[in-house]
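Trainee: need a structure here:
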Amino acid sequence: MRAGRAHEQTPALLDRTRTLPAGLVVTVTWFLILLILLLVAGVVVWQFHREREAAHSKLRRLNAELYKLGLVIQATDNLVVVTNPDGATEWVNDAFVRCSGIPLEQAVGHNPGRLLQGPDTDPETVARIRTAVAARESFVEEILNYSVEGRPYWVSIEAHPILGDRERFLGFIAIETDVTERRAIEESLRRATETATNLAQEKAAFLATMSHEIRTPLNAVLGVTALLIGTALDEEQTEYVATAQHSGRLLLGLVNDILDFSALESDRLELESRAFALPETLYGVQSMFGPQAAGRGLVLTLTMGAGVPAQLLGDENRIQQVLVNLVGNGLKFTHHGGVAVDVTRTEDTDGAWLRFAVSDTGIGIPADRHERLFLPFTQVDPSTTRQYGGSGLGLSICRLLAQRLGGTLTMTSTVGEGSVFLFTIPLQVPVEPARPVPDVSAEPAADLSGLRVLLAEDEAINRMVALRMLARLGVEADVAVDGIEVLERVEDRTYDVIFMDVHMPRMDGLAATRAVRARLPEGEGPVIVALTANALQGDRERMLAAGMDAYQSKPVTVEALRTTLAAVVAGRNGVPAV
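Mentor: So this is what the prediction gives:
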């Protein structure tokens, strides 16, 4: 019976056994799926944990940096203001509180400008700041603010917009620097500059006035003594007149030195650049000092070395001025022997140079006094001034001129043996040679008696001197005492030459010159020569710009008048005028 029952149950068991592999497969499949899910979940959890730790680490680092930045912002002397998008203050640092006197809790929620601006705050600056803020643009401005106590202070503001995610505007951050002290220094420097400028202008005006006031009577002194020399005088009278003439010329030289030194010191001296013949320049120096040297038994030699071009480009007058001063000094301090000027050409890595070596066999200068000699108003010692005279400006002017010409002036000297001055300037050769200047003095004396001349001079003594000088040249001149009379004379008569003073009552010489040029057709007017005591740098250019044709500074000489009038005659006869 049991076997039968087992037999009966066996088919059912076999049926169940057939479904067991499928169940096992399903079970294994779900187990694998569960395992994979567990693995994925583990990886996700591990990755999440890792990212969270990285985020926490970054947050800790950012918090540390933010803490440091906060300390820096709090410790800095710069004022820091943070505003919201509406322009209201969100935060300020301690420096802002210290400077403005406004605590953080009172500043928050208020517009910074309304808290800080005062009566003297520049409205234009405020308007620019508001425009930049409205446009959400960075700006840099300096503005005057006021503290709670009413103390004004200047700040330099550098402001930038704060942008968040997706360029979302969050407000502004402004870094402000207190520049009150700097502004005060700048204002002080500005006032000092204005004061220096005013002093320079006053100095120039003073020099112009003093030059005019000294030259005006000096013109009379030298003019009258020059006229006296041409009259019948006995030996004693001739000596007196010669002494007065010599003293007047020394005074004139001192005035010229002071004017030159002032122009060089203030860098107002303008240099010319034109072609000239060096041999003629040296010949001029030789002609000036040759008779003086021969009269004292001294020898003056001027030589040009091989390679020195005869034609140069530069300011001939200033170069000759330095040579005249050096040669004159050499002769003044030399009792035996003489003075030699050697011109040579040298070259180095900076280019070609022209070197003038002026040597003498004079008293010499101690080594410890060499540089002192180039200081203004300085002599080797006081006894030198008493024995030899001089203002002590000559060598100072020479060194300044050498520097303005782009060169140098140095010296070597031995007491009792003599001195050597080396005057070196850049060598410049013109593309075209210098045009020869007609030498009117070398031509036969021109007949000046036919010239129609008008003398415009308000000062009676100078007028008398000029009329007597013209009379010696055979010229009878009409007279005008101011610019108004000049115009009246020009209306009544045609003149070849007008000698025009500048400082005259009612109408000065410049205005009169412009009026004459305006009234007469171009090319038909007279030659107008400035005859003036104005001899500062720029005076000549100013007078020529007014329409004058030539310039003659006082004191004037008979020879200067002769040369000018002869040039007018030469120009009238078709010869280029000097």
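
Trainee: helix or strand right after the helix or strand of the chain with the lowest mean pLDDT?
Mentor: Within the chain, no helix or strand scores below helix 382-388, which has a mean of 46 by mean pLDDT, DSSP states H and E. Tracing the chain past helix 382-388, the next element assigned as helix or strand by DSSP states H and E is helix 394-404.

Trainee: how far off centre is the host helix or strand of Phe48?
Mentor: Secondary-structure assignment from DSSP H and E places Phe48 in helix 2-75. Chain-centre distance of helix 2-75: 85 Å, with C-alpha atoms, centre = their mean, to the nearest Å.

Trainee: Pro430 against Gly314, yeah?
Mentor: No: in this structure Pro430 lies outside contact range of Gly314 using C-beta atoms under 8 Å: 9.1 Å. All C-beta atoms are positioned from the backbone trio N, CA, C, and that covers glycine.

Trainee: where do the strands of the stretch 401-550 of the chain begin and end?
Mentor: Assigned by DSSP state E, counting those that start in this stretch, the strands in the stretch 401-550 of the chain fall at 408-414, 418-426, 453-456, 477-480, 497-500, 527-532, 550-553.

Trainee: quick one, which of the ones you listed is nearest to Ala12?
Mentor: Evaluated over the strands of the stretch 401-550 of the chain, closeness to Ala12 peaks at strand 418-426, with 129.6 Å, by C-beta to C-beta.

Trainee: for Pro217, the count of nearby residues, please.
Mentor: 16 (other C-beta atoms under 10 Å).

Trainee: no wait, Asp77
Mentor: For Asp77, using other C-beta under 10 Å, the count is 11.

Trainee: and for Ala367?
Mentor: Ala367 has 11 nearby residues by other C-beta under 10 Å.

Trainee: next one: Leu473
Mentor: Leu473 has 19 nearby residues by other C-beta under 10 Å.

Trainee: which residue packs closest to it, ignoring adjacent ones?
Mentor: Spatial nearest neighbour of Leu473, chain neighbours left out: Leu448 (5.2 Å); criterion: C-beta to C-beta, 6 or more residues apart in numbering.

Trainee: I figured that neighbour hits Val475, correct?
Mentor: Yes: judged on C-beta under 8 Å, Leu448 makes contact with Val475 at a distance of 5.3 Å.

Trainee: and for the two, which residues touch both?
Mentor: Residues touching both Leu448 and Val475 by C-beta atoms under 8 Å, 6 or more residues apart in numbering: Leu565.

Trainee: how about stretch 350-369: buried residues?
Mentor: 353-365 (16 or more other C-beta atoms under 10 Å).

Trainee: just the residues you listed: which are in strands?
Mentor: Counting by DSSP state E, the buried residues of stretch 350-369 place 353-360 in strands.

Trainee: going by distance to Leu565, which of these wins?
Mentor: Of these, the one sitting nearest to Leu565 (C-beta to C-beta) turns out to be Phe356, at 35.3 Å.

Trainee: list the residues that contact the closest one.
Mentor: Phe356 is in contact with 322-323, 326, 341-343, 422-424, counting by C-beta under 8 Å, 6+ apart.

Trainee: out of everything not next to it in sequence, what's closest to Glu272?
Mentor: Glu272's closest residue in space is Asp315 (C-beta to C-beta, 6+ apart), at 4.5 Å.

Trainee: quick check, that neighbour in contact with Glu270.
Mentor: No: using C-beta under 8 Å, Asp315 makes no contact with Glu270, being 9.2 Å away.

Trainee: when these two are compared, which one has more neighbours?
Mentor: Shown here are Asp315 and Glu270; by other C-beta under 10 Å, Asp315 has more neighbours (19 against 11).

Trainee: ok, that one to Leu401 distance?
Mentor: 9 Å (C-beta to C-beta, to the nearest Å).

Trainee: hmm, back to that, packing partners for the helix holding Phe48?
Mentor: The contact analysis (3 or more C-beta pairs under 8 Å, 6 or more residues apart in numbering; DSSP states H and E) places helix 2-75 against no helix or strand.

Trainee: which is the succeeding secondary structure element to that helix?
Mentor: Using DSSP H and E, the helix or strand that follows helix 2-75 in sequence is strand 79-83.

Trainee: what strands flank whichever helix or strand comes after that following strand, and is each parallel or antiparallel?
Mentor: Next in sequence after strand 79-83, counting helices and strands by DSSP H and E, comes strand 89-92. Partners of strand 89-92 in the sheet, by DSSP bridges, are strand 79-83 (antiparallel).

Trainee: other residues contacting the partner strand?
Mentor: Applying C-beta under 8 Å, 6+ apart, the contact partners of strand 79-83 are 73, 89-93, 95-96, 99-100, 107, 112, 155, 162, 171-178.

Trainee: that strand to helix 2-75, inter-axis angle?
Mentor: Angle, strand 79-83 to helix 2-75, by axes from the mean of the first three to the mean of the last three C-alpha atoms, to 10 degrees: 130 degrees.
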